[in-house]
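Okay, here's the prediction I keep looking at, along with the sequence it came from:
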Amino acid sequence: MSKIARATMREDVDVVIVGAGFAGLYMLHKARGAGLTARVFEAGAGIGGTWYFNRYPGARCDVESMEYSYSFDPTLEQEWQWTERYSTQSEILKYINHVADRYDLRRDVVLETRVTAATFDERRSRWTVETDKGDRVTGRYCVMATGCLSVTNLPPINGIETFKKPIYHTGAWPHEGVDFTGLRVGVVGTGSSGIQSIPLIAEQAKHLTVFQRTPSYSIPAHNRPLAEEEQRKVKAEYPAKRKRALAEGFAIDMQMSQTPAASASDAETKEAFETVWSRGGLGFLGAFSDLVLDRAANDKAAEFLRGKIRSIVKDPKTAERLAPPQVVGCKRLCVDTNYFATFNRDNVALVDLRETPIEEITPDGVQTSASFHSLDALVLATGFDAITGALNRIDIRGRHGARLRDAWVDGPRSYLGLGIAGFPNMFMIAGPGSPSVLTNMMVSIQHHVDWIAEAMSFLAKRQLATIEPLAEAQEAWVKEVEMVANSTLFPACNSWYVGANIPGKPRVFPAYVGFPPYAEKCAAIVANGYEGFALAAQATAAE
Ligand code: NA7
């Protein structure tokens, strides 16, 4: 089908927003509310970001539906009906589309357009944003709503380009779906995407081979339909529920225990773990107050979870291979439906790449150091170039033409994960150095968008031209993020958090651990007249 090319855009707006997922759309809504004009560019052919692209079988959010939703409008909150405890990708995408229609957001969104460059003009204090369709739009502000997990990781496995059957990445799944009936399928990767898709692929395929490099801990979702009555109850106390979430480290209303594991007897420890296991989901980490802080406490959780795997998986060798050795939570905890039990099926085999690494992919399958696996289709559940990937792919130039990519060559540096020294009037939503992926993203997104919109209004009221982090405030923040992370177990293993999944990526822990202290700091900084930011009354051209 031929497409009619649209005219290239030349326009001047107040805010250019990159990305039309949950972050970009809410930013658009808030910008309009502040009386600002905005233009949103989105690479996808539809809105929704992560939820537009990740259509693999079993794709669901690991935060419960009633919390993984916007809270900015009580009417929206009350009127939307979720159907399951954990929403499917398609239901979340429906919700995003509903929001876009309800607030008339589409008219400012340009789809199928990838932003390639953003350049700050110091004399005019404006950003010029360029796209792959030849657009040039200028904005007083540029907001990067580019997503934390939006650039797929295609692993450089020897010979992968020679495979002559279809290859799918979970993060770029065909819209028409894939029918694996009668096929021999291989899945590489056992993070959340692998763990969600493997049980469903196994039900359909003739045979499934799972290629596992590192096993993951996973908690059962105990997913179920959301009863009308249950929803009514939550809706009746929505403000209180949202408030409780804001007081939690992960910004999820998990009602984390205040008791450290060290003070519990063995029987109490077992009982606490059994309780959270039977509730299901990420709330497992809330069984004790110190599971991500104290190695001994974490070891108890790890042993409990390994025990569960051994009790579910019938073949003891397979169970041992599926039992993760690492700290619980240092790789994102997964939430599954029937993942471990899938390995009891006759048509499923597990290949442990730690024992028998992949040597190459040939036209017909995967050759490991031990054997050859003939395949009709290959699924890469190999994750993303997380957090910095999307930003580093745009040619972003701040003062003196300095490139963000160069400034971040040793890892991301930002102030609060919101702004970057040398890049005035550019904001990131859930950027590196903010709690982002360690929280319910909906909470972090709304917090950031509200903060950014407030800053824009502040500048307008005071007739200020620019806001920009001071280099010393940024350096202090980078140190604080690192110090807080190092007081936890999060950086304790190789994970996408620290960039270890991408060859050559600098190892930096990119998230501020703990939503409440972070939000308090953001508020205090505003109360102190945007402490740590330089505010300038007029354009400050380079000398
Ligand atoms: P993840 O969590 O990054 O998982 C990717 C998986 O792919 C993981 O098991 C990796 O093993 C594996 N992987 C990556 N590269 C390779 C190569 N080269 N060979 C073999 N195996 C490889 O991505 P997901 O999409 O599952 O989830 C991302 C987030 O989305 C998730 O945390 C939720 O927040 C939602 P490794 O562990 O690196 O040894």
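Now that the structure is in, tell me what you want to look at. Residues are numbered from 1 along each chain as shown.

got a list of what Gly44 touches?
Neighbour list for Gly44: 20, 52-53, 111-112 [criterion: C-beta atoms under 8 Å, 6 or more residues apart in numbering]. All C-beta atoms are positioned from the backbone trio N, CA, C, and that covers glycine.

Within range of the ligand, give me the residues from the stretch 251-400 of the chain.
332, 353, 381-384 (C-beta under 6 Å from any ligand atom).

Including distance to the ligand and pLDDT, could the contacts of Gly44 go into JSON lines?
Listed next are these as JSON lines, based on distance: C-beta to the nearest ligand atom, whole Å; pLDDT from 0 to 100:
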{"residue": "Ala20", "distance to the ligand": "19", "pLDDT": "98"}
{"residue": "Tyr52", "distance to the ligand": "14", "pLDDT": "98"}
{"residue": "Phe53", "distance to the ligand": "11", "pLDDT": "98"}
{"residue": "Leu111", "distance to the ligand": "23", "pLDDT": "98"}
{"residue": "Glu112", "distance to the ligand": "24", "pLDDT": "98"}
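
Most neighbours among these, which one?
Among these, the one with the most neighbours (other C-beta atoms under 10 Å) is Ala20, at 29 neighbours.

where does that residue fall, helix, sheet strand or coil?
With DSSP: H, G, I helix; E, B strand; the rest coil as the basis, Ala20 sits in coil.

Not counting residues beside it along the chain, what's closest to the closest residue to the ligand within the stretch 251-400 of the chain?
Closest to the ligand within the stretch 251-400 of the chain is Gly383: 2.5 Å, counting by C-beta to the nearest ligand atom. Spatial nearest neighbour of Gly383, chain neighbours left out: Asn153 (4.9 Å); criterion: C-beta to C-beta, 6 or more residues apart in numbering.

Surely the one you found touches Thr382?
Yes - counting by C-beta atoms under 8 Å, Thr382 is a contact partner of Asn153 at 5.0 Å.

shared neighbours, these two?
Asn501.

Could you count how many residues lie near Ser265?
Ser265, neighbours per other C-beta under 10 Å, totals 8.

ugh, typo on my part, it should be Trp277
If you count neighbours by other C-beta under 10 Å, Trp277 ends up with 18.

Give me the mean pLDDT for the helix or strand hosting it.
Using DSSP states H and E, Trp277 falls within helix 266-279. The average pLDDT for helix 266-279 rounds to 97.

Tell me which of Asn153 and Thr382 has more neighbours.
In this view Asn153 and Thr382 are compared by other C-beta under 10 Å, and Thr382 has more residues nearby, 23 against 20.

Report the contact partners of that one.
When contacts are taken as C-beta under 8 Å, 6+ apart, Thr382 is in contact with 152-155, 169, 188-189, 501.

could you pull out the helices for the stretch 151-300 of the chain?
For the stretch 151-300 of the chain, the helices defined by DSSP state H, counting those that start in this stretch occupy 192-204, 228-236, 238-246, 266-279, 295-312.

State the next helix or strand along the chain beyond the last one.
The one in question is helix 295-312. Per DSSP H and E, the first helix or strand lying C-terminal to helix 295-312 is helix 316-322.

How many neighbouring residues does the residue of the stretch 251-400 of the chain closest to the ligand have?
When neighbours are defined as other C-beta under 10 Å, Gly383 has 24 of them.

Would you agree Tyr141 falls within a strand?
Yes - residue state for Tyr141 (three-state DSSP) corresponds to a strand.

tally of neighbours for it?
Counted with other C-beta under 10 Å, Tyr141 comes out at 26.

Make sure it is actually in contact with Met428.
No - the pair Tyr141 / Met428 is not scored as a contact, 11.8 Å apart, by C-beta under 8 Å.

what touches both of the two?
By C-beta under 8 Å, 6+ apart, Tyr141 and Met428 have no common neighbours.

Just give me the closest of the contacts of Thr382 to Ala349.
Of all the contacts of Thr382, Val188 has the smallest distance to Ala349: 13.5 Å, by C-beta to C-beta.

Run through the bridge partners of that closest one.
Phe211, Leu380 (DSSP bridges).

thinking it is in contact with Phe211, fair?
Yes - between Val188 and Phe211 there is a contact at 4.5 Å, judged by C-beta under 8 Å.

which neighbours do those two share?
By C-beta under 8 Å, 6+ apart, Val188 and Phe211 have these common neighbours: Ile358.

quick check, the lengthiest helix in the chain touching the ligand?
Scanning the chain for the helix with the most residues, using DSSP state H, yields helix 441-461. No - Helix 441-461 lies out of reach of the ligand by C-beta under 6 Å from any ligand atom, never closer than 8.7 Å.

quick one: buried residues of the helix or strand encompassing Met27?
Here Met27 sits within helix 22-33, counting by DSSP H and E. By neighbour count on 16 or more other C-beta atoms under 10 Å, the buried set for helix 22-33 is 22-32.

Can you tell me which of those is nearest Glu64?
Nearest to Glu64 among those: Phe22, at 15.8 Å, using C-beta to C-beta.

who touches that closest one in this structure?
So Phe22 contacts 49, 70, 96, 441-442, 445 (C-beta under 8 Å, 6+ apart).

And it, what's its pLDDT?
With respect to pLDDT, Phe22 scores 98.

repeat for Ala5
Per-residue pLDDT puts Ala5 at 80.

Give me the three-state assignment for it.
coil.

Pass me the low-pLDDT residue ranges in the protein, would you?
1-4, 539-543 (pLDDT under 70).

circling back to that earlier point, can you pull the contacts of the residue nearest to Gly383?
By C-beta under 8 Å, 6+ apart, the contact set of Asn153 is 382-385, 501-502.

picking that back up, the contacts of Thr382 also near the ligand: which ones?
Counting by C-beta under 6 Å from any ligand atom, the members of those near the ligand are 155, 188-189, 501.

Let's have the contacts of Gly44 in CSV, adding secondary structure and distance to Phe250.
Below are the contacts of Gly44 laid out as CSV (DSSP: H, G, I helix; E, B strand; the rest coil; distance: C-beta to C-beta, whole Å):
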residue, secondary structure, distance to Phe250
Ala20, coil, 26
Tyr52, helix, 25
Phe53, helix, 24
Leu111, coil, 32
Glu112, coil, 35
